[in-house]
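[1] Provided below are the primary sequence and the corresponding predicted coordinates.
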Amino acid sequence: MIRRLRRSLYIGHRWIGIATCLLFAMWFVSGLVMMYVAFPSLTEGERIAALPDIAWERVRLTPDRAMAAVGLTQYLRELRLNMLNDEPVYRLLDGDGRRQTVLGG
């Protein structure tokens, strides 16, 4: 009985070790693939084509008033008008790198 249990323990240990080694080998190879194969990415045109159209009739705020709403008086690094849940929003990036969002509708 003890001999049979010991043999089962050895065989189980061997196969668990083999399975673990295969799992580690797959993990290692997938890491190499992730290091050297580029991830798929969108071109700028594809990214813009996927964005929702701006509902111009809902835009009520000018860029100057959006800047004034957050207290900015200096030039911005970036100003974008996007749609967020069917509502136009301005995305502002000021000279200090702070990002702010203002509802434009």
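    Alright, I've got the coordinates.
[2] Scan the protein for its longest helix.
    Determined from DSSP state H, the single longest helix within the chain is helix 2-36.
[3] mind checking the SS state of the most centrally placed residue in the chain?
    Geometric centre of the chain, nearest residue: S41, 11.8 Å, by Cα atoms, centre = their mean. Secondary structure, DSSP: H, G, I helix; E, B strand; the rest coil: S41 is coil.
[4] how near is I54 to L84?
    Between I54 and L84 the distance is 11 Å, computed by Cβ to Cβ, to the nearest Å. From N, CA and C alone the C-beta is placed, and that goes for glycine too.
[5] Can you name the helix or strand that the nearest residue to L103 once chain neighbours are set aside falls in?
    Spatially, and ignoring its direct neighbours in sequence, L103 is nearest to V89 (5.7 Å; Cβ to Cβ, 6 or more residues apart in numbering). Assigned by DSSP states H and E, V89 belongs to strand 87-93.
[6] immediately after that strand, which helix or strand?
    That would be, after strand 87-93 and using DSSP H and E, strand 99-103.
[7] and M35, what does it touch?
    M35 makes no contacts at all, as judged by Cβ atoms under 8 Å, 6 or more residues apart in numbering.
[8] Show me this structure divided up by domain.
    1-40, 47-103 (automatic domain parsing).
[9] related to what we said a few turns ago, starting from the longest helix of the chain, tell me the next helix or strand along the chain.
    helix 44-50.
[10] residues in contact with that next one?
    Contacts of helix 44-50 (Cβ under 8 Å, 6+ apart): L42.
[11] Output the next helix or strand after that helix as PDB - backbone C-alpha positions only.
    Per DSSP H and E, helix 44-50 leads on to helix 63-69 as the next helix or strand towards the C-terminus. Output in PDB follows, covering the C-alpha atoms of helix 63-69 (Å, rounded to 0.1, in the frame of the first residue of the first chain):
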ATOM      1  CA  PRO A  63     -13.000  78.300 -27.300                       C
ATOM      2  CA  ASP A  64     -12.300  81.600 -25.600                       C
ATOM      3  CA  ARG A  65     -15.200  81.200 -23.200                       C
ATOM      4  CA  ALA A  66     -14.100  77.600 -22.500                       C
ATOM      5  CA  MET A  67     -10.700  78.900 -21.500                       C
ATOM      6  CA  ALA A  68     -12.300  81.600 -19.300                       C
ATOM      7  CA  ALA A  69     -14.500  79.000 -17.600                       C
END
